[in-house]
Each structure stands twice: as C-alpha cells, then as structure tokens.
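**Q** Sequence first, then the predicted structure:
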Amino acid sequence: MKKFTSTLKAYKNLDFLKSRDARTIRILSEYLEPLSRLNELKVNNTVLFFGSAQANPEDKNSPLTKYYWEAEELAYKLAKWAIQLKHKGKNFVICTGGGPGMMEAANRGAARAEGKSIGMNISLPTMEQTLNPYVSPELSFMFHYFFMRKFWLIYKAKAVIAFPGGYGTLDEVFEILTLVQTEKIHKDHVIILLYGEEYWKKIINFDSLVEHGSISPEDLKLFSYSSNPEDAFVFLKDKLVKFL
C-alpha cells in the first residue's frame with residue numbers, strides 16, 4: 001500500500017508525479033515547458049536537421065564522415081545567413097535531436113557561425129544519449145516521451161533536412177512525409193530536403209512505390225534532393241524567405 005502524506009501539496013509530491021496516475025501531467029509538462037521557453041526566447045521557427053547518430057568526424061574510414069562535415073558546413077551557412085535577417089525574434093534557428101553524429105554536426109555549424117541552436121534530447125532506457133557540447137544551454141531540452149519530442153522537433157520547422165541515417169532517421173523522414181502527404185502539414189508550409197541523393201535513392205526506391213501504386217506520382221514532389229552544401233544552402237535560402 002502506498003504511503004500518503006496529507007500535508008504535502010500535490011504538485012510537490014514527487015512520488016505522485018512519477019506515478020502512472022500522473023502520466024497526463026508529465027505529458028502536458030513536456031508540451032508546456034518547451035512552449036514557454038521557446039516563446040520567452042523568441043524562437044519563431046527552425047530548420048531541422050536529421051541524420052545518423054553514428055557519424056564520427058574522426059573516422060576517416062566511414063562513409064558517414066563526409067556527410068558529418070557537410071552537415072556542419074550547411075548548418076554554418078544557414079545560421080550565418082539567418083543571424084543577419086532583420087526580423088523580430090529568432091528565425092530559422094538550427095534544431096536537432098541534441099545527440100552525437102549528424103546532430104552534433106549541425107549544432108557545431110551553428111556554433112561556428114556564433115548562432116544559437118536547439119537540441120531536443122531524449123532519455124533512453126537502453127543507452128544514454130548525451131547532449132552534444134554545441135547546443136545552446138538555454139535551448140537544451142530533455143524529453144521522456146518520444147512523441148512529445150517528435151512534436152517539438154517538427155512544430156516550428158520551416159525546413160527539414162535529412163542526412164543519411166538509420167532507423168531513427170528513416171522513422172522521422174517517413175513521419176514528416178506522411179504528415180505532409182495527408183495535409184496535416186500543408187506542403188507549402190515546410191521544405192523537405194533529402195541530403196545525399198545517392199544514399200537516399202539507394203536506400204529508398206521511391207519510384208518503385210509509385211510503380212506499385214503505394215504512393216501517387218505527385219508524392220514524389222513533396223521532397224527534393226541535394227548533395228552539396230552550397231547548392232543546398234542556395235535552394236533553402238530561396239525558399240525560406242517566404243516565411244519571413
């Protein structure tokens with residue numbers, strides 16, 4: 001039987017707040033606390049980077065290493081450009097899942113441009129995903145619930161850039177494509193860029209999905225490809241300005 005303390009206010013009762021009965025409160029907290037902080041820091045919108053947590057900038061033998069540095073360069077270019085925009089609040093803030101690999105690369109690029117960047121980390125039961133050192137401390141978040149983390153990763157994103165990655169990256173790519181395909185997010189409200197055309201066309205045969213009737217030919221227009229930081233920057237910059 002639980003031991004109850006009648007003199008303790010409910011919102012100070014940590015045993016209760018950690019219990020199954022208080023799950024709704026915890027979920028609500030993971031919605032309201034980021035909302036409050038992002039509003040206070042005047043973050044209007046973001047550019048979201050996905051990609052493998054396994055990318056290691058020091059591993060010269062990994063095919064992911066070149067993508068790490070290209071993610072760093074693209075984030076640098078976007079952050080440097082966004083800083084110069086004369087609009088109220090912070091626009092096109094670099095946002096990642098806060099962990100290592102491609103996430104670290106994007107936060108690192110933003111830091112090199114002397115810009116703020118967001119890291120939305122998550123606690124995992126099987127492994128500890130440590131926050132990379134390039135996330136701005138005041139824009140560092142830690143989530144317990146994956147679905148709340150996904151919500152905040154997408155909610156303010158005006159562009160989503162998917163670098164090569166594994167299960168997590170594929171999950172995030174297909175989720176955002178599904179949201180746009182079903183018009184839960186209008187296709188004109190977010191730019192989807194798959195970075196590393198050779199990788200993505202080898203990993204996912206989108207044309208075959210069309211051939212099998214699994215998706216419409218129009219669904220291929222929901223995203224674009226790029227394989228060069230400069231080309232990607234020009235493409236994104238030209239499309240992002242409409243959101244100002």
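**A** Cool, got the structure. Residues are numbered from 1 along each chain as shown.
**Q** Name whatever forms a beta bridge with the residue nearest to Gly98 when sequence neighbours are not counted.
**A** Excluding its sequence neighbours, the residue lying closest to Gly98 (Cβ to Cβ, 6 or more residues apart in numbering) is Gly119, at 2.9 Å. Placement of C-beta: from N, CA and C, glycine included. Using DSSP bridges, the bridge partners assigned to Gly119 are Thr96, Ser140.
**Q** ok, now Ser226?
**A** Tyr195.
**Q** Now do the contacts for it.
**A** 193-195, 197, 232, 235 (Cβ atoms under 8 Å, 6 or more residues apart in numbering).
**Q** Mark which of those are buried, thanks.
**A** Neighbour counting with 16 or more other Cβ atoms under 10 Å marks 193-195, 232, 235 as buried within these.
**Q** export the residues you listed to JSON lines and tack on distance to Ser226 and pLDDT?
**A** Listed next are those as JSON lines, based on distance: Cβ to Cβ, whole Å; pLDDT from 0 to 100:
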{"residue": "Leu193", "distance to Ser226": "6", "pLDDT": "98"}
{"residue": "Leu194", "distance to Ser226": "8", "pLDDT": "98"}
{"residue": "Tyr195", "distance to Ser226": "6", "pLDDT": "98"}
{"residue": "Ala232", "distance to Ser226": "4", "pLDDT": "98"}
{"residue": "Phe235", "distance to Ser226": "6", "pLDDT": "98"}
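**Q** quick check, nearest of these to Tyr134?
**A** For those, the minimum distance to Tyr134 (Cβ to Cβ) is 18.8 Å, reached by Tyr195.
**Q** Name the surrounding residues that touch stretch 17-25.
**A** Stretch 17-25 has contacts (Cβ under 8 Å, 6+ apart) with 11, 16, 26.
**Q** any idea how far Gln54 is from Pro63?
**A** 11 Å (Cβ to Cβ, to the nearest Å).
**Q** Please identify which of these two sits among more neighbours.
**A** Just comparing Pro63 and Gln54: by other Cβ atoms under 10 Å the higher neighbour count belongs to Gln54, 15 against 11.
**Q** from the contacts of Ser226, which is closest to Gln181?
**A** Closest to Gln181, out of all of these and judged by Cβ to Cβ, is Leu194, at 14.9 Å.
**Q** Verify the stated contact: that closest one with Ser224.
**A** Yes. If you go by Cβ atoms under 8 Å, Leu194 and Ser224 touch, sitting 7.3 Å apart.
**Q** Now do Lys201: how many residues are near it, please.
**A** 13.
**Q** Next one: Ser6, what pLDDT does it get?
**A** Note on Ser6: pLDDT of 64.
**Q** Sorry, slip of the keys, the one I care about is Ile122.
**A** 94.
**Q** got a list of what it touches?
**A** 97-98, 129, 142-144, 146, 149.
**Q** Strands of this protein, residue ranges please.
**A** Remark: strands assigned in the chain by DSSP state E are 46-50, 93-96, 117-122, 140-143, 157-162, 191-195, 224-226.
**Q** among the ones you listed, which is nearest Tyr31?
**A** Per Cβ to Cβ, nearest to Tyr31 of the strands of the chain: strand 140-143, 10.4 Å.
**Q** same for that closest one, what does it pack against?
**A** helix 23-40, strand 117-122, helix 146-155 (3 or more Cβ pairs under 8 Å, 6 or more residues apart in numbering; DSSP states H and E).
**Q** Using TSV, please lay out these together with distance to Ala105.
**A** Output for the helices and strands packed on strand 140-143, formatted as TSV (distance: least, Cβ to Cβ, whole Å):
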stretch	distance to Ala105
helix 23-40	23
strand 117-122	11
helix 146-155	16
